[in-house]
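Trainee: Quick check, what structure comes out for this input:
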Amino acid sequence: MIRYKKEFKQSLVEMHNQGRSYTDLSAEYGPSVDSILTLQFFDVHHTANVDIFDP
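Mentor: Residues are numbered from 1 along each chain as shown. The predicted model follows:
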């Protein structure tokens with residue numbers, strides 16, 4: 001399993017919030033669309049501090 005740093009995950013959420021599609025972000029940076037959607041869900045619900053991809 002690939003582990004992404006918190007800053008990287010937050011940057012994906014920010015880029016999506018600025019208009020980038022999940023598909024484009026996935027193609028360019030590697031995480032699956034589903035992973036980015038999960039990050040977005042946690043960010044929207046103010047639980048982004050919960051590091052769901054890190055042990």
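Trainee: so where's the chain uncertain?
Mentor: 43-55 (pLDDT under 70).
Trainee: 80 instead, please
Mentor: Along the chain, segments meeting pLDDT under 80 span 1-2, 40-55.
Trainee: all helices for the chain, in order.
Mentor: Using DSSP state H, the helices of the chain run over 6-17, 22-29, 33-44.
Trainee: buried sites along the last one?
Mentor: It stands for helix 33-44. Buried residues in helix 33-44, counted by 16 or more other CB atoms under 10 Å: 35-36, 39-40, 42-43. C-beta here means a position set from N, CA and C on the backbone, and glycine is covered the same way.
Trainee: of all those, which two lie farthest apart?
Mentor: Within the buried residues of helix 33-44, Ser35 and Asp43 form the most distant pair, 12.7 Å apart (CB to CB).
Trainee: Is it correct that Leu39 is in contact with Met15?
Mentor: No: the criterion here is CB atoms under 8 Å, and Leu39 misses it with Met15 at 10.9 Å.
Trainee: neighbours around the nearest residue to Gly30 once chain neighbours are set aside, how many?
Mentor: In space, Gly30 comes closest to Ile2 once its chain neighbours are excluded; the distance is 7.5 Å by CB to CB, 6 or more residues apart in numbering. A count of nearby residues for Ile2, using other CB atoms under 10 Å, gives 7.
Trainee: cool, Glu14 as well?
Mentor: If you count neighbours by other CB under 10 Å, Glu14 ends up with 11.
Trainee: how near is it to Glu7?
Mentor: Distance, Glu14 to Glu7, using CB to CB, to the nearest Å: 10 Å.
Trainee: What of Asp24?
Mentor: 20 Å.
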